[in-house]
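>>> predicted structure and sequence below. I'll ask about it afterward.
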Amino acid sequence: MRAAETVRLLIVEDNADDALVMLQELRRHGTSVLDRRVQTAAEMRDALATQSWDAILADYSLPSFSAPAALAILKESGQDLPFIIVTGSLGEEVAAECMRAGAHDFICKANLARLAPALEREIRDAGIRRSHSSAQAERESSHRRFRALVENLPTAIGLLAADGTISYDSPALSRILGYGCDELTGTCAFDLVHPHDREAVVSAFGRSVDAPGGTGFIEHRCRHKDGRWVVMRSTAQSHLEDPDIGAIVVNSQDVTDQKSAETALVTRERELDTLTRNGPDIIVRLDRELRHVFVNHAMERFTGIPSHEFIGRTNREMGIPEDLIEHLESNVRSVLETGESRTLEFQFDTPLGRRWFQTGIAPEFGDTRVESVVTYTRDITDLKVANEATKASESRFRALIEGGTDLVYIVSETGEIMYVSPSVERTLGYSVDERRGRQIFELFHPGDREEARMLLAEQASGSGKNIEARVRVRHADDSWRVVEIAGRSHLQDPHIGGLVIHVRDVTKRMELENELRHAQKMEAVGRLAGGVAHDFNNLLTVISGNAQMALGDLPPSHPSREELEEIGHAAERATELTQQLLAFSRRQVLDPRDLDLSQHMSEMKKMLLRLVGEDIQVVSDLVEEGATVRADPGQLEQVVMNLVVNARDAMPTGGQLKIQTRLVSIDEPGLRIGSEILPEGAYVQLSVTDAGHGMDEKTISQIFDPSFTTKEATKGTGLGLSTVYGIVKQSGGAVGVLSEPGKGTTFCVYLPRVAVVASSQRQSQKLVPAAPRSNGSTVLLVEDDENVRSLLRKMLTRWSYSVLEARDGQEAVDLSSSYAGEIDLLITDVVMPAVSGPEAARRIVMQRPGIRVLFMSGYTDEALDRQGITGDEAALLMKPITPVTLAHKLDELFAAAVSGPADGMAGGVNV
């Protein structure tokens, strides 16, 4: 190792200082070093794989590595590098073991003076080893090459003695004649030759012995091991005088197939001549003057002219149509001039009718130019017809695919989009060029992407199963659409070469299905609520009515007043629960009025502050003008309170709650609110925003379902938001929600805006009404519930009405017919067995045209519609009935009677 040379050292050492000491010692001896220090097996493998090294210095023991492990990795790499262990201390037995394992030297760190000489010696020895190995490898390689050359030549090589005894035969001879390796060694080669050829072969062999220059080729037959005869072509050359060979070298080639091919070629030439002259295609050779040199018999079939008459003549001379001659001859001349083949198509009238032909024109070259051309003309009429049919079929299928609403994708097995139908623009908003070449997985929702990958991978693997799945894909407007995908692999089809996937947008269908399920759920609960409401309202009428009447009879200081007031309050709460059941099922009879939503919210603020508590700040942002809507004030308050209570519960540690109103205009095609479309028009938006914990998509999808709640069992019934939904829908509006986990929630209520100036102030009612005017009027009271009928009779008689009672509609009609006096007012329940209230009213009005009618009901508005109760609300009193509500209704009825004469009956049931 010369001093000027740079040594590339790989150092296996965890201590940088020790490595530096080794390098300093080497440089002190004048050695230039390029080094890299590694500490782990992975680092060492990387160093050996990416760089060339002259030697390796290794500490014996490292925290996660060792010299024996490093030596194993070096052997694994196959590199012959000096490996010197440099360590602090090591026993002789361990050192000897390392040397046996392949280490070249062992040096103590305390005696680094040995390092430079040892390294120089080992690098020198390694170079010598590599030189010897290279020379030996070259000799072995040369020997293998020549042996491989001899043993893999198709020509058999044999070494023969002067008497023909075989001393060596190459594997090719065994392959040609079927004998095993060395099976012919020691035998006489002439014994294999066919008896008829043996004399000529022996003679030629003798000449090669006498004339070292060798012999020419001689063909002869040799016997195969299976008894058949193989045709051989052999030559012999004497090397008897060459001490390294000392034999006659015979090269023999199996020409059996060649002889067979020559025979077959002659046969094929005859067959080709037959096909050329008698085949279905017209074959013609033309010289440079465009005269026919050769014409096959097919010409006569298509022209009606015997083929031999064309020889020596041109097409013009043969009467071929002029327009066809010009077309053909211009192309033939071009081929004669350029030497480039051409193909053309044309139509021609033949004895078989007008046909399509395709002609190929090929040049035949002489020494310096094209001397002639050969034309091949084929009748392609049937092919033309088939192609036209194929094109028509393709056009039909293309129109079907590209004009349909479903998408069709063809994707590669890696998911690259190779084709997408134009309906992608209508369905997902992308252009075809925008999607082609992109990955189809980009479209899938992150939550569905892995499933889609697995489905496509299964198809690409050739499972043969159809793809069927429902996934979400991204629209160009960044919304998510639900689609059904179905497809099958056509990777093996050369015309397709991909996975064909049909995609159908089912977003709207799913929304309609969800809406239908929700409507069915609400319908079922609504029917239950209606029945419950009727029975409850009858009971509450008796409870609250009797309680109020008893309170009216007691002095303020009476000890029973407190208990009676508690009964009244409990009845009010039960009434609210009944109303809430009806509201969330959208079956409550509302009392809509025109009111200013912003003003109404201002009036509710004090109540809302008490409702949420001191740790929540309520902020209002209310539009000043134009926020007029038509809604039931009481039900609207219930909507706001439910939303505010939810917001409060979402912020247990306090926060800000914002109530906002604003005017919005919705254009075509409307605004999507959840799964519904709010029609175009003018709306007032009421929003309630909290800074609470927010909701995920799954929770949002269920919040309006009856009985769904995220609260503890003792803190919520699940009716709150269902009630909100029912009231808002019944008011002609919609309610939506915006929320993300950890980012709060905003509920937005949209109510149609009305173009009137309104006030939200409601008419006040006296808690204890004055006795309504009676003037000795007679009332026909019809009620099938005995307790309710008894209570109402008490109220009316207390107010000086004369009361006639009937338990059902038929009894009321009979009583009206038999009673001789005047009946001023009919008060009747709506739903009764046998004859209903409206039917009884119709019959009684026919008997007594001037009678006033007041309907009572504990049923829903839907039930009232079925009974035909429409029109003036003053003629309908909803249960539960109290002295207060009945007194007000009677006042309204008789006030209407004073303001104008009765016409038919007040109640919307026409006679």
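Good, I have the coordinates.
>>> and the gap between Q660 and I881?
Using C-beta to C-beta, to the nearest Å, Q660 is found at 39 Å from I881. (Glycine included, C-beta is placed from N, CA and C.)
>>> could you chop this protein up by domain?
Annotated domains of the chain cover 6-134, 153-261, 279-385, 404-505, 590-752, 778-899 [automatic domain parsing].
>>> looking at Q660 and I881, which is more packed in?
More crowded of Q660 and I881, by other C-beta atoms under 10 Å: I881, with 24 against 18.
>>> tell me the predicted confidence for the more buried one.
Confidence at I881, expressed as pLDDT, is 88.
>>> ok, the one 5 residues further on next?
Predicted confidence (pLDDT) for L886: 90.
>>> so who does it touch?
The contact partners of L886, by C-beta atoms under 8 Å, 6 or more residues apart in numbering, come to 792, 795, 877.
>>> and the first one, what element?
Mapping L792 onto the secondary structure by DSSP states H and E places it in helix 786-798.
>>> report the buried residues of that helix.
By 16 or more other C-beta atoms under 10 Å, the buried positions in helix 786-798 come out as 788-789, 791-793, 795-796.
>>> can you redo those as JSON lines with distance to I176 and pLDDT?
As requested, the buried residues of helix 786-798 are exported to JSON lines (distance: C-beta to C-beta, whole Å; pLDDT from 0 to 100):
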{"residue": "V788", "distance to I176": "120", "pLDDT": "92"}
{"residue": "R789", "distance to I176": "124", "pLDDT": "93"}
{"residue": "L791", "distance to I176": "125", "pLDDT": "90"}
{"residue": "L792", "distance to I176": "125", "pLDDT": "93"}
{"residue": "R793", "distance to I176": "130", "pLDDT": "94"}
{"residue": "M795", "distance to I176": "129", "pLDDT": "91"}
{"residue": "L796", "distance to I176": "131", "pLDDT": "93"}
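>>> pull the helix or strand with minimum mean pLDDT from this protein.
Here the helix or strand of the chain ranked lowest by mean pLDDT, DSSP states H and E is helix 861-866, holding a mean of 52.
>>> the nearest residue to K465 once chain neighbours are set aside: what secondary structure?
Sequence neighbours aside, E458 is the residue nearest to K465 in space, at 6.8 Å (criterion: C-beta to C-beta, 6 or more residues apart in numbering). Three-state assignment for E458 (DSSP: H, G, I helix; E, B strand; the rest coil): helix.
>>> okay, now E458: neighbour count?
E458: 14 neighbours (other C-beta under 10 Å).
>>> how close does it get to E416?
Look at E458 and E416: by C-beta to C-beta, they are 18 Å apart.
>>> which regions of the stretch 701-850 of the chain lie under the pLDDT threshold?
For the stretch 701-850 of the chain, the stretches flagged by pLDDT under 70 are 706-720, 756-774.
>>> all strands in it, in order from the N-terminus.
734-739, 745-752, 778-782, 802-806, 825-829 (DSSP state E, counting those that start in this stretch).
>>> partner strands of the third one, with direction?
By that I understand strand 778-782. Note on strand 778-782: by DSSP bridges, its sheet partners are strand 802-806 (parallel), strand 825-829 (parallel).
>>> can I get the CA coordinates of it in CSV?
Extracted as CSV, the C-alpha positions of strand 778-782 are listed here (Å, rounded to 0.1, in the frame of the first residue of the first chain):
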residue,chain,number,x,y,z
THR,A,778,-131.4,27.0,25.7
VAL,A,779,-128.4,24.8,24.9
LEU,A,780,-128.5,21.3,23.4
LEU,A,781,-125.4,19.6,24.9
VAL,A,782,-124.2,16.4,23.1
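>>> show me what it is in contact with.
Here strand 778-782 has contacts from 789, 792-793, 796, 801-809, 811-812, 815-816, 819, 821-829, 832, 837, 840, 844, using C-beta under 8 Å, 6+ apart.
>>> likewise the second one?
Under the contact criterion C-beta under 8 Å, 6+ apart, strand 745-752 has outside partners 597, 629-631, 639, 643, 646-647, 650, 664, 671, 673, 678, 681-690, 692, 694-695, 724, 728, 731-739.
>>> quickly run through the sheet partners of that strand, with directions.
Partners of strand 745-752 in the sheet, by DSSP bridges, are strand 681-690 (antiparallel), strand 734-739 (antiparallel).
>>> could you check the shortest one and say which residues are buried?
Applying a neighbour-count criterion of 16+ other C-beta under 10 Å, one finds 734-737, 739 buried in strand 734-739.
>>> and the first one, by the same measure?
When burial is assessed from 16+ other C-beta under 10 Å, strand 681-690 yields the following buried residues: 683-690.
>>> for R807, give me its contacts.
R807 makes contact with 782-784, 786, 789, according to C-beta under 8 Å, 6+ apart.
>>> which among those gets closest to V420?
D784 (68.2 Å; C-beta to C-beta).
>>> tally of neighbours for the residue nearest to the closest one when sequence neighbours are not counted?
Distances taken as C-beta to C-beta, 6+ apart place M832 nearest to D784, at 4.7 Å, with adjacent residues excluded. A count of neighbours around M832, defined by other C-beta under 10 Å, yields 23.
>>> what lies in contact with the helix or strand harbouring K605?
Under the criterion of DSSP H and E, K605 resides in helix 597-612. With contact meaning C-beta under 8 Å, 6+ apart, helix 597-612 is reached by 618, 620, 622-624, 627-629, 631, 633, 636-637, 640-641, 644-645, 647-648, 657, 659, 661, 684, 686, 751, 759-761.
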